[in-house]
Structure formats: structure tokens, C-alpha cells
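Asks: Return a 3D structure for these sequence lines:
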Amino acid sequence: MIDYASESAPRHSTAHLSTAALIHAVVFGDSAYPSGRYTLSHGLEGLVQRGRVQGVQQCTDALLDHLRITAAPGDGVATAVATMIALSVAPYSDATLRPNYPQSVQEAIQLLGYLDAELEAMKVTQELRKASTRVGRQTLQVYAQVEEMIVAPQTSGMSERSGAATVLAAYSQRACNREVPGGQAVALGLIHAVRSLDAEQAVAVELTGLAVGWSSAALRLSQCDHIGAQAMVARATPLIKKLAAQCAEYAGELLSSADLGNPRSFATLGRSSPGLDIASAQHQTAPARLFMS
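Replies: Numbers count the residues shown, from 1 in each chain. I've put the predicted structure just below:
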């Protein structure tokens, strides 16, 4: 188990991020991407409504706590696991055998189903579950439609697609059929894998997107100005770098011990945020609100 509050430095990814992968990371880290994330405050609106958080400093402190205690141990690790699962299925670019990971698309989809179910179960309130699946499914749909427009005419006669792309297509179909929840962390982990990000990089993109969304929500809730919002993201960046490495490390441990016959293989995945959960429960019945969560 990784201690996300620890100051110790975990091992970091040495993978080179190609220009194409970097561009992908920028696109998906942008809150303007039509995934529906702009409708989320990640719990901040509920905290502001209850008077628990006020002003730029408290919003920043709450963001850092949210990243460390809630986002990283939950969605962060799930994103890393999903990325690793997708990258473990041949054919893959680095041709590295991963004996403890799923070797077929069917095995990958089975483990992703376990992961997705666990991810949904750990989200206590309805609005958190709904927000995750709404963003996940919408992102899968947008990604598929964009790919269909720009890739299909270019793929005629090309070599076999990657294992990650095959896994993503199979998972997307199951999410479309409502056979799996289609949670945001799993969906984005698979998409990042297809675009050649490793687990640590995928988590960094998602946590950065959360920080940007949180600061944007703080701005819309009149808790800061534009400069304060950018300072909020800048304050979070060093922590995101550390948490991304920790998430990838723990995800590797989880996946190495995962059992295809055990639906609770990811039962230790979790988060601890009772205050945020209470605020979320109150927020979902609030008479007026700007955000879905």
C-alpha cells in the first residue's frame, strides 16, 4: 500500500514522451475538451455552500488534500491500472513481455470490468457515480467519433492495430451497451494507453485536468480571480508529479496480484474523504447549484 501523504520520492518513469503523445496530453488535459468535465466542481461547490471552504487559500489547500487523499488513491490508481492493462496486450510497441499481466483482450476486458465495478462502488454518492460514468462514456463516444473522421480514411492497407486499441474498442462497446459502468478513470486510462502514454504519464494528465477543473470552479464560484486560479494549479503541480509516480507504483503491485477468477481483485482500491462525501450528498439535493458535482 502506498502512503500518499508521505514525502518520500517514489521511482519515476523514464519513458520518453513523444511529441505526438505530448500533444495528446495537452488536448485531454484541457477542460475545453467536450467530455463534460466543465460541469464538475469535484466537490468544491458543496464545500463552499456549506461554508467549509472560502477564498483562494482554502480552495488551494482543499485541492491539495483532494488530490492526495481522494483523487490519487481512487481514480488515480484506477487510471494507472487501466493504462497498464491496455499496454500489456500484444501487439505493443516495446515488445516487452509482461507475464503477470493479462495477455489477451478477453482477459484484459475481464479485469477492466472488475476495476470499473470497484471504482463505481467506492463512490459513495449518486452524483459522484453519475459524474464519473457520464464523463467516461461521453469521452469514449467523442474519441471514437473523432477517430472515425480522421483515421478511417488513412488506415486502408495499414498493419494490425495495437493491442491497446483493440482493448479500447472492446471496452467502449461494453460501455455503450451498459455492460460496464464506463467510469472516467478507466476510459481515460485506456485512451491514454492507445496514445502511447505510460501509467504515470496518464495519471499526471488526469490529475492536472482535475486541478484545472477545480481552479476553474473556484473562479466561477467567486472564490478567486484568474491569477489566483493559475496559482492554484501551479501549487498543485509538484504534488501531482509525486502522486502520479506513486499511483503507477501501486497500480503495478495491484495488477501483478490480480486474479482473473476474483472479481474483488481491486478491493484495496479506495479513497477516504468523509467530509467531501457529506458535502456531495448535501449538494445533490441543493435547491440551486452551478455544477453537477
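Asks: Would you mind listing where the chain has pLDDT under the threshold?
Replies: 1-16, 92-100, 151-160, 271-293 (pLDDT under 70).
Asks: For it, just list every one of the helices.
Replies: Residue ranges of the helices in the chain, as given by DSSP state H, are 19-29, 44-49, 55-65, 77-87, 105-121, 126-150, 163-176, 184-194, 199-220, 226-256, 274-283.
Asks: Relative to residue 263, which of these is closest?
Replies: Smallest distance to residue 263 across the helices of the chain (CB to CB): 5.1 Å, for helix 105-121. From N, CA and C alone the C-beta is placed, and that goes for glycine too.
Asks: Outside of that closest one itself, list whatever touches it.
Replies: Applying CB atoms under 8 Å, 6 or more residues apart in numbering, the contact partners of helix 105-121 are 74-75, 78, 81-82, 85-86, 88-89, 102, 129, 132-133, 163, 166-167, 170-171, 174, 179-183, 185-186, 190, 255, 258, 260, 262-267, 269.
Asks: Counting neighbours, what do you get for residue 147?
Replies: 16 (other CB atoms under 10 Å).
Asks: I'd like to know how far residue 117 sits from residue 184.
Replies: In this view, residue 117 and residue 184 are 14 Å apart by CB to CB, to the nearest Å.
Asks: Give me the more crowded residue out of those two.
Replies: Between residue 117 and residue 184, counting by other CB under 10 Å, residue 184 is the more crowded of the two (28 against 16).
Asks: show me what contacts residue 185?
Replies: 74-76, 78-79, 82, 119, 132, 136, 206 are the contacts of residue 185 under CB under 8 Å, 6+ apart.
Asks: Residue 230 too?
Replies: By CB under 8 Å, 6+ apart, the residues touching residue 230 are residue 215.
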